[in-house]
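Engineer: Coordinates for the following, if possible.
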Amino acid sequence: MSIENSLMLPTKDSDGIMLSHYLVAHAHPELAREIYTYAGDADIAPLYIDTSLASLIEQSPYVVSIFQNDPLFEVYQENAQQHHVHNDKSTKSEKAPWSGIIVSVRATVSFEMVLAYLRHRVLIQFSGKRKGVFHFQNPKIARYFFGEAQLKDTQEWMGPLLYLHWYEQWHCGAGDPQGQWRQVENPEPTYELFSQAQSSGGDEASYESMPLWQLRESQQQALELQFDDKNIVRFFNETMQSVPSLDERNVYRTYIKQAEQLSFYQTQELDAYFTLRRQYPRINQARLSDPSLETLTVNEKLQFLDSMLRKDALYVS
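Structural biologist: Numbering: from 1, shown residues only. Sure, this is the predicted structure:
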């Protein structure tokens with residue numbers, strides 16, 4: 001995993017094999033028009049065509065071959081770095097621009113193969129046999145699914161993809177949003193899916209008949225962090241504080257885990273615990289597992305912790 005201030009697409013892999021790059025653009029009202037305006041003679045295909053989602057073609061992401069510094073690449077970069085600003089300040093008449101991710105493969109992997117692989121990743125399986133459409137091309141999803149899950153799970157999901165690139169905004173809301181380019185490398189790409197599909201005929205039906213990606217535990221936990229972060233940003237906004245830094249966000253994520261341990265699930269309860277921890281950032285972890293807490297109501301727990309933390313603070317001072 002790497003973090004960069006600008007996006008530079010690698011030209012070769014570690015074995016010196018040339019790479020090809022493809023933009024996977026998230027659905028947007030202006031997407032098709034801009035792609036056909038700036039992509040020139042690039043390979044272009046809506047992701048949902050020839051899949052079970054073909055009826056949703058108007059909401060389909062697009063897959064487009066892309067090169068460093070070509071017109072579409074420049075538009076993509078500009079959109080990515082503006083996207084979070086629009087998210088915070090846009091009105092109904094001022095929509096955020098389209099966004100997406102870029103995937104890199106060996107040049108020996110054809111556009112059709114990349115398209116087939118990505119189409120197979122559109123649907124996922126989770127919580128047993130439940131299925132859902134997965135918007136991995138949305139940078140808001142990518143930042144968690146690719147950026148927060150265990151690397152081995154991300155690399156297994158990537159299969160033949162050597163690199164994933166996206167622009168990550170690490171906080172939103174009031175204040176000045178910040179972000180950087182993120183990259184995940186998969187140094188040992190696998191091509192098993194292609195081999196299995198070819199042995200079954202190699203057509204689109206061959207891919208659709210193959211098992212869906214089963215969401216891994218680390219990926220599920222990573223996606224759940226979205227809700228934690230929304231609660232953190234909401235709290236900072238409502239209490240008129242500047243937007244949390246990356247380090248502050250991580251501290252407050254820990255507070256959320258502690259709040260869950262104390263059975264503080266409602267927004268008001270969580271905010272009360274945040275306020276308490278802001279006042280008393282240092283804590284003896286034993287306080288959180290004090291047996292006296294087990295029989296108390298939520299309000300009584302907060303009062304008990306406030307009393308104990310105040311005593312601890314006085315003792316330290």
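
Engineer: Got the domain ranges for the protein?
Structural biologist: Annotated domains of the chain cover 2-215, 245-316 [automatic domain parsing].

Engineer: So which of those is the most surrounded?
Structural biologist: Mean neighbour counts were taken over those using mean count of other CB atoms under 10 Å, and the top value, a mean of 17, falls to domain 2-215. C-beta: built from backbone N, CA, C; applies to glycine.

Engineer: roughly how far is the host helix or strand of residue 275 from the heart of the chain?
Structural biologist: According to DSSP states H and E, residue 275 maps onto helix 267-279. On the basis of CA atoms, centre = their mean, to the nearest Å, helix 267-279 sits 26 Å off its chain's mean C-alpha point.

Engineer: quick revisit: with distance to residue 223 added, can I get the domains of the chain in CSV?
Structural biologist: Below are those laid out as CSV (distance: least, CB to CB, whole Å):
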stretch, distance to residue 223
domain 2-215, 5
domain 245-316, 14
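
Engineer: who are the neighbours in contact with residue 168?
Structural biologist: 3, 139, 142, 143, 147, 179, 180, 181, 182 (CB atoms under 8 Å, 6 or more residues apart in numbering).

Engineer: Three-state assignment for it, please.
Structural biologist: strand (DSSP: H, G, I helix; E, B strand; the rest coil).

Engineer: Please apply the same query to residue 113.
Structural biologist: Strictly by three-state DSSP, residue 113 counts as helix.

Engineer: Residue 25 versus that one, what's the distance?
Structural biologist: 19 Å (CB to CB, to the nearest Å).

Engineer: For this protein, which segments count as helices?
Structural biologist: 31-38, 71-89, 111-120, 139-145, 151-158, 192-199, 204-208, 217-238, 246-261, 267-279, 298-316 (DSSP state H).

Engineer: Lowest mean pLDDT across the ones you listed, which one is that?
Structural biologist: Lowest mean pLDDT within the helices of the chain: helix 204-208, a mean of 64.

Engineer: Not counting its own residues, what contacts the helix holding residue 275?
Structural biologist: By CB under 8 Å, 6+ apart, helix 267-279 touches 231, 235, 238-239, 252, 255-256, 258-259, 262, 264, 283, 298, 302, 305-306, 309.

Engineer: do the same with stretch 302-317
Structural biologist: Contacts of stretch 302-317 (CB under 8 Å, 6+ apart): 262, 269, 272-273, 276, 279-280, 282-284, 287, 290, 292-293, 296.

Engineer: send the alpha carbons of it over as PDB?
Structural biologist: The C-alpha trace of stretch 302-317 is given here as PDB (Å, rounded to 0.1, in the frame of the first residue of the first chain):
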ATOM      1  CA  LEU A 302     -21.800   7.600  32.000                       C
ATOM      2  CA  GLN A 303     -22.100   9.100  35.400                       C
ATOM      3  CA  PHE A 304     -19.900   6.400  36.900                       C
ATOM      4  CA  LEU A 305     -17.200   6.800  34.300                       C
ATOM      5  CA  ASP A 306     -17.300  10.600  34.600                       C
ATOM      6  CA  SER A 307     -16.700  10.300  38.300                       C
ATOM      7  CA  MET A 308     -13.900   7.700  38.000                       C
ATOM      8  CA  LEU A 309     -12.100   9.600  35.200                       C
ATOM      9  CA  ARG A 310     -12.400  12.900  37.100                       C
ATOM     10  CA  LYS A 311     -10.700  11.200  40.200                       C
ATOM     11  CA  ASP A 312      -8.000   9.700  37.900                       C
ATOM     12  CA  ALA A 313      -7.300  13.100  36.400                       C
ATOM     13  CA  LEU A 314      -7.000  14.700  39.800                       C
ATOM     14  CA  TYR A 315      -4.700  11.900  41.000                       C
ATOM     15  CA  VAL A 316      -2.400  12.300  38.000                       C
ATOM     16  CA  SER A 317      -2.300  16.100  38.400                       C
END
